[in-house]
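Colleague: Build me a model:
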Amino acid sequence: MEKPVKILGFVGSLRKGSYNKALMRAAVELVPDGVTIEVFDLEGIPPFNQDWENQPPQIVRDFKAKIRAADALLIATPEYNYSIPGVLKNAIDAASRPYADKVFDGKPVAIMSTSIGHLGGARAQYHLRQSFVFLNMYPINHPEVMLPFAGQNIDENGNLTNEETRKLIRELLEELVRWTRKLKAATE
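Modeller: Predicted coordinates:
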């Protein structure tokens with residue numbers, strides 16, 4: 001019997017009715033057997049200040065502890081101005097400091113995105129991948145979950161109604177689990 005895989009999910013949007021929070025809720029519903037997803041809310045992480053990087057606020061310490069405890073990460077993000085939202089960048093910056101404390105190092109990660117536009121957050125995903133290079137993370141390349149026209153695919157209750165995207169999310173989770181187990185086996 002394979003060891004359960006613990007995934008930490010977080011969303012790069014603080015909006016209560018966030019379409020990307022709907023993607024994360026769908027992922028929690030679609031999680032494969034033997035896998036858990038815990039979602040961490042980025043609300044309340046203050047703007048990063050290097051003056052406190054060695055003694056970060058409690059919420060940053062909590063976030064870093066959750067990252068360390070997770071086998072893999074799942075990020076859902078909107079696209080703002082052709083890039084990732086400030087709240088997501090800030091959370092990553094805060095958790096990645098000081099440099100010697102490498103909580104992201106070697107972590108498998110998967111990305112999902114949705115937006116009201118026709119690219120579904122593609123540019124945000126590509127910018128996020130650039131950060132993964134510096135942080136030495138291992139992203140899933142396929143399948144890509146980029147849902148365009150979010151308002152037409154997520155209902156008024158925040159439920160993902162697009163069945164093809166639900167299928168892709170399930171496949172993304174399965175691939176993240178395979179990738180996580182493969183990386184873990186290579187280091188044991």
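Colleague: Just give the number of residues close to Tyr80.
Modeller: Tyr80 sits with 18 neighbouring residues when counted by other CB atoms under 10 Å. Just so you know, the C-beta spots here come from the backbone N, C-alpha and C atoms, and that holds for glycine as well.
Colleague: And it, its phi and psi?
Modeller: phi -120, psi 120 (degrees, to the nearest 10).
Colleague: so it touches Gly86, yeah?
Modeller: Yes - here Tyr80 reaches Gly86: they are 7.4 Å apart, a contact under CB atoms under 8 Å.
Colleague: Helix or strand for the closest residue to Phe40 other than its chain neighbours, just tell me which one.
Modeller: Distances taken as CB to CB, 6 or more residues apart in numbering put Phe10 closest to Phe40, at 4.8 Å, once the chain neighbours are dropped. Assessed by DSSP states H and E, Phe10 sits inside strand 5-11.
Colleague: Mind listing the residues bridging to the residue nearest to Phe40?
Modeller: Phe40, Ile75 (DSSP bridges).
Colleague: Could you report the distance from it to Gly117?
Modeller: Distance, Phe10 to Gly117, using CB to CB, to the nearest Å: 22 Å.
Colleague: Counting neighbours around each, name which of those two comes out higher.
Modeller: The neighbour comparison of Phe10 against Gly117 (other CB under 10 Å) goes to Phe10, with 23 against 14.
Colleague: so that one makes contact with Val39?
Modeller: Yes - the criterion here is CB under 8 Å, and Phe10 meets it with Val39 at 6.7 Å.
Colleague: mind listing what the spatially most central residue of the chain touches?
Modeller: In the chain, the centroid-proximal residue (CA atoms, centre = their mean) is Ile75; its distance is 1.1 Å. Neighbour list for Ile75: 9-12, 88, 109-112, 128 [criterion: CB atoms under 8 Å, 6 or more residues apart in numbering].
Colleague: Having no further points to raise, I will conclude here.
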